[in-house]
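Asker: Give me the fold of what follows.
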Amino acid sequence: MRLATELGIAAVEAYFPAGRETARQAVADGRLDAGDIDDLGYEEVSVATHEAAPEMALRAARTVLADAGWPPAGLGLLVHSWMYHQGHDIWSAPHYLAAALGADQVQPIGVQQVCNGAVAALEVAATRIAADPAVDRVLVTTADRFAPPAFDRWTADYALVYGDSATAALVGPLDPERDLFRLRAVVTHSAPELELMHRGELPFGPAPLWPDQRVDVRRAKKSYLTRYGLDVFTKTTREKVQAVVRDCLADAGIAPDADELACVVLPRLGGKTLRHAWVPAIAEVTAAPTVSTGHLTGHLGPGDALAGVADLVGRLSPGQSGLVLNAGAGFAYSGVVVTRLAAERARPADEAKEDKR
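Answerer: Modelled structure (predicted):
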């Protein structure tokens with residue numbers, strides 16, 4: 001999308017629970033073949049042992065508002081995105097966040113666009129800010145807990161392992177004196193012909209987790225690959241990733257060979273997928289170095305995108321830009337370009353203590 005208004009990100013946070021599961025441990029438990037460790041590339045993944053996904057989102061949201069010095073009562077919109085179960089059925093996690101933050105005046109919205117949810121939420125935020133002068137700041141959050149018994153993070157899918165997390169960002173009209181980043185571009189390219197890869201050949205079910213009471217992405221993918229092979233998906237991914245990179249840089253006004261572009265942050269997919277599909281495709285468009293950080297967290301679902309932006313806080317110097325790439329089932333391929341503005345603000349001691357609890 002073309003940004004009609006100059007936007008900034010005042011603060012961004014990626015929250016990871018303290019629990020960890022290692023690849024070696026998964027092998028010992030019989031949940032992972034030893035020969036798959038190198039292909040996956042994950043050393044360990046983050047695991048929430050007791051926190052629900054919305055509770056983690058609340059932690060990330062509070063940190064962002066504290067870092068930005070922005071009161072919950074000043075929010076114009078709250079957009080929450082998730083991939084998996086939020087802890088209750090027929091219930092609104094976005095409204096829980098608004099109530100817990102004390103943002104009683106805000107409109108809470110849910111965006112469930114699988115792993116592309118955060119980028120879709122940024123698009124919602126940008127659109128609302130441009131359309132409604134009364135909306136000054138938008139809080140975007142994501143959170144997922146891929147917990148047993150219905151979700152085995154190590155075996156539910158091919159080529160990636162899932163980690164628990166929450167992310168948050170405060171978006172609004174650009175304020176160069178207060179914002180960490182200028183939001184330069186938000187781009188999404190879709191490939192709806194690939195939706196079958198996550199649907200498979202089973203009929204539509206009458207209830208969640210039908211028919212086995214567990215998440216089995218492998219079954220659907222195996223059905224698709226048996227029917228169509230891998231070439232169609234590989235070709236589409238290559239073309240869409242390159243289109244996203246080109247359009248992101250064009251919308252941001254950054255030349256592919258510009259020194260300003262410090263790095264390209266990869267989604268937290270498996271190592272083999274990144275090495276064979278993503279990195280070569282990116283290299284044909286820009287020589288900017290790629291950054292991969294998922295080996296210590298796992299794939300975060302919609303959290304990948306904002307966690308990528310959070311990674312850039314310590315990587316970019318003022319004036320440098322970074323491109324964060326993302327992908328989600330459907331399929332959607334997306335990217336976000338940000339430019340570092342201000343030095344990182346020190347959080348007050350009492351707020352830092354609260355965040356650690």
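
Asker: Show me the shaky parts of the stretch 51-200 of the chain.
Answerer: Applying pLDDT under 70 to the stretch 51-200 of the chain flags no residue at all.

Asker: what about the strands in it?
Answerer: All strands of the stretch 51-200 of the chain, identified by DSSP state E, counting those that start in this stretch, fall at 77-81, 108-111, 138-144, 165-173, 181-190.

Asker: Specify the angle between the third one and strand 165-173 in degrees.
Answerer: Relative orientation of strand 138-144 versus strand 165-173 (axes from the mean of the first three to the mean of the last three C-alpha atoms, to 10 degrees): 170 degrees.

Asker: elements contacting strand 138-144?
Answerer: helix 53-68, strand 77-81, helix 117-131, strand 165-173, helix 303-311 (3 or more C-beta pairs under 8 Å, 6 or more residues apart in numbering; DSSP states H and E). (Glycine included, C-beta is placed from N, CA and C.)

Asker: Direction included, what does that strand pair up with?
Answerer: strand 77-81 (parallel), strand 165-173 (antiparallel) (DSSP bridges).

Asker: got the angle between that strand and helix 117-131?
Answerer: Using the same axes, to 10 degrees: strand 138-144 against helix 117-131 is 170 degrees.

Asker: In space, what's closest to residue 184 - neighbours in sequence excluded?
Answerer: Counting by C-beta to C-beta, 6 or more residues apart in numbering, residue 252 is the residue found nearest to residue 184 once chain neighbours are left out, at 3.7 Å.

Asker: that older thread, show me the one of the strands paired with strand 138-144 that comes nearest residue 245.
Answerer: Counting by C-beta to C-beta, residue 245 lies closest to strand 165-173 out of the strands paired with strand 138-144; the figure is 21.5 Å.

Asker: Run the chain-centre distance for the closest one.
Answerer: In terms of C-alpha atoms, centre = their mean, to the nearest Å, the gap separating the centre of strand 165-173 from the centre of its chain is 11 Å.

Asker: Alpha carbons of it, in CSV - could you do that?
Answerer: Output in CSV follows, covering the C-alpha atoms of strand 165-173 (Å, rounded to 0.1, in the frame of the first residue of the first chain):
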residue,chain,number,x,y,z
SER,A,165,5.9,-14.7,21.9
ALA,A,166,4.1,-11.4,21.9
THR,A,167,4.9,-8.2,20.1
ALA,A,168,3.6,-4.6,20.1
ALA,A,169,4.2,-1.3,18.3
LEU,A,170,2.9,2.2,18.7
VAL,A,171,2.2,3.8,15.3
GLY,A,172,1.1,7.3,14.6
PRO,A,173,1.8,10.4,12.5
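
Asker: Can you tell me the SS state at residue 333?
Answerer: Put simply, residue 333 is strand when judged by DSSP: H, G, I helix; E, B strand; the rest coil.

Asker: Need the pLDDT of the nearest residue to it once chain neighbours are set aside.
Answerer: Once flanking residues are discounted, residue 333 sits nearest to residue 240: 4.0 Å by C-beta to C-beta, 6+ apart. pLDDT recorded at residue 240 is 98.

Asker: I'd assumed residue 240 was in a strand, is it?
Answerer: No - read with three-state DSSP, residue 240 is helix and lies in no strand.

Asker: Would you agree it is in contact with residue 188?
Answerer: No - with contact defined as C-beta atoms under 8 Å, residue 240 and residue 188 do not form a contacting pair (9.7 Å).

Asker: Look up the residues that both of these two are in contact with.
Answerer: Residues touching both residue 240 and residue 188 by C-beta atoms under 8 Å, 6 or more residues apart in numbering: residue 333.

Asker: can you put the strands paired with strand 138-144 in JSON lines and add mean neighbour count?
Answerer: Output for the strands paired with strand 138-144, formatted as JSON lines (neighbours: other C-beta atoms under 10 Å):
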{"stretch": "strand 77-81", "mean neighbour count": "28"}
{"stretch": "strand 165-173", "mean neighbour count": "28"}
